[in-house]
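Engineer: just to be clear, the model below is a prediction. Sequence and coordinates:
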Amino acid sequence: MRQDARIKLLGDVWLFERCSRKELALIASQATPMQIPAGKELAREGEFGREFFVVIAGKVEAVRNGVTIGILGPGSFFGEMALLERQPRVATVVAVEPTEVLVLTTQGFASVVDQMPSVDRKMLTVLATRLRELEDRFVPAGERLLSPP
């Protein structure tokens, strides 16, 4: 996968939507495309994650507590929390067909943030916005999670 294609793919991921082309290029330089055979497990629920994945082609299934919670195809991503925190994975993810993914390790992400701290800040801003959107959608107005005391 060419560098321009990696930049485009990462630019379409909402997690990186505020990143500049220069920041995306740096992230892309740390990401590695991989071919995954059908049946291969990419993440296991309860284990600590060390990678973030973007699906380039193919499909993966996400399962939590034995229940399918989603089928992810091209442009979808998972493992983003592994980039930001050292917590156990919340789902097991398995390739359901031959799949190509772009992989960014926590070490590669740390290198990006060391060189360009703005990436980390922009990701946190996007995550905060998403959290507020979820709050607006699911939490009654009188019970806001992010309201001042």
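Structural biologist: Happy to help now that I have it.

Engineer: doesn't residue 59 make contact with residue 96?
Structural biologist: Yes - contact criterion C-beta atoms under 8 Å: residue 96 and residue 59 qualify, at 4.9 Å. The C-beta positions use only the backbone N, C-alpha and C, and glycine is treated the same way.

Engineer: what's the overlap in contacts for these two?
Structural biologist: residue 71 (C-beta atoms under 8 Å, 6 or more residues apart in numbering).

Engineer: how much space between the most centrally placed residue in the chain and residue 123?
Structural biologist: Nearest residue to the geometric centre of the chain (C-alpha atoms, centre = their mean): residue 80, 3.2 Å. Applying C-beta to C-beta, to the nearest Å, the value for residue 80 to residue 123 is 8 Å.

Engineer: got any residues that touch both of the two?
Structural biologist: Any residue near both residue 80 and residue 123 by C-beta under 8 Å, 6+ apart counts here, and that gives residue 15.

Engineer: if we can go back for a sec, check contacts around the residue nearest to the centre of the chain.
Structural biologist: Contacts of residue 80 (C-beta under 8 Å, 6+ apart): 15, 52.
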